[in-house]
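Peer 1: Predicted structure and sequence below. I'll ask about it afterward.
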Amino acid sequence: MFIIDAHLDLSMNAMEWNRDLRNDVPTLRHLEKGMTDKPDRERATVSFPDLRRGNIGIVVATQIARFVKPDSIIPGWNSPEQAWAQTQGQLAWYKAMEEAGEITAITDKKSLLKQIDLWNDGTPNDKKPIGYILSLEGADSIIDVSYLEKAYNYGLRAIGPAHYGPGRYANGTDATGKMQQNGLDLLKEMERLNIILDATHLCDDAFWQALDHYNGPVWASHNNCRSLVDHNRQYSDEMIQALISRGAVIGGALDAWMLVPYWERGVSTPKGTNCNLESIFKHMDHICQLAGNANHIGIGSDLDGAFGTEQGPHDLDTIADLQKLVLIFKNNGYSDDDLDKIFHQNWINFLIKNWD
């Protein structure tokens, strides 16, 4: 099955974790033997070879750099200018990987269809470039709204205004409060440029405000269901239905604490909580039941989002194991047409509808 994954933090892994993603996952783990500076050392799940092995030919790949005030308990940069510079370093890595033939930028309908044709031409995919759509997770690094057009011109096509905690433009996970005028100005300029609004991580106040003020395309790259795991990071059924009414696609995320209830970071284990790929199926199926169809879900794994096998489904060793989900959906009564929609076509239809 051809798969599109709508959320991977590739440049963060390359630039902050110092992972050369041209190595396969076993090599990445070997190179990190004995390292303890990150919780997922020796437990990586994502690499270019493993994306190809999993027939994942298109990803939404992020830039990410947070601004924080001096008293913040969340790590980040001390100025928006530093955060911007960090994202530009990440952009330079993406461009270097393009030059190396590992990835190729997707910025419009033409480049999207070209990549789909390439990966479905019947020849082996082990040497083909992986298509990437550039997204910004958290808008703190946008120094002011004038920088949005610069970002669009270098290829940025989606923005999630918030991440964790309070943000410069919107408040995110574990925070509350509506956007101020600069956040509304951001949404207006995104709409002018036709930049996709990624509703992921918006706190409830900002979520509803954003849907009221933004009239462009909306998706949720990596989000699960509050009714199954009760946390403000997740969407309530009302929020899911609002996204469905806007024609959004919601990507299922594979971080264990979002999949199973009562997860304790650093204490719980995937096997101990029975966190497996069936767990993400339950969240994605719940959205389908609310929608009455399979038109609004996809994959947004976040499998390289500062966690690895220690905090993911226990039956997933590398990102290539996303293919196991196909059989899970099939065994639960989803048709072949539904499977195509879930694993790639919903994202494709969304982009074709909203791009020139």
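Peer 2: Now that the structure is in, tell me what you want to look at. Please read these numbers as outputs of a predicted model, since none were measured by experiment.
Peer 1: Give the other helices and strands that the helix or strand hosting Q86 contacts.
Peer 2: Assigned by DSSP states H and E, Q86 belongs to helix 80-99. Applying 3 or more C-beta pairs under 8 Å, 6 or more residues apart in numbering; DSSP states H and E, we find helix 80-99 packed against helix 10-15, strand 56-63, strand 103-105, strand 130-137. For glycine as for every other residue, the C-beta is placed from the backbone atoms N, C-alpha and C.
Peer 1: Repeat the analysis, applying 10 Å as the threshold.
Peer 2: On a contact count with 3 or more C-beta pairs under 10 Å, 6 or more residues apart in numbering; DSSP states H and E, helix 80-99 meets helix 10-15, strand 56-63, strand 103-105, strand 130-137, helix 147-153.
Peer 1: Tell me which of those lies nearest to H286.
Peer 2: strand 56-63 (22.3 Å; C-beta to C-beta).
Peer 1: Now that closest one - C-alpha only, CSV.
Peer 2: Extracted in CSV, the C-alpha atoms of strand 56-63 (Å, rounded to 0.1, in the frame of the first residue of the first chain):
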residue,chain,number,x,y,z
ILE,A,56,5.9,5.8,2.3
GLY,A,57,6.5,8.0,-0.7
ILE,A,58,5.2,11.4,0.6
VAL,A,59,5.5,13.0,4.0
VAL,A,60,4.6,16.3,5.6
ALA,A,61,8.0,17.3,7.1
THR,A,62,8.3,20.0,9.7
GLN,A,63,10.4,23.0,10.7
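Peer 1: What average pLDDT does it get?
Peer 2: Across strand 56-63, pLDDT averages out at 98.
Peer 1: Same question for stretch 29-47.
Peer 2: On average, stretch 29-47 scores 97.
Peer 1: for it, which positions count as buried?
Peer 2: Judged by neighbour count using 16 or more other C-beta atoms under 10 Å, the buried positions of stretch 29-47 are 29, 32, 38, 40-47.
Peer 1: Need the distance between the two termini of that stretch.
Peer 2: 11 Å (C-alpha to C-alpha, to the nearest Å).
Peer 1: ditto for stretch 233-251
Peer 2: This stretch, stretch 233-251, spans 14 Å end to end (C-alpha to C-alpha).
Peer 1: Any idea which of the helices and strands packed on helix 80-99 gets closest to L327?
Peer 2: strand 56-63 (16.5 Å).
Peer 1: That's all I had, so thanks and see you.
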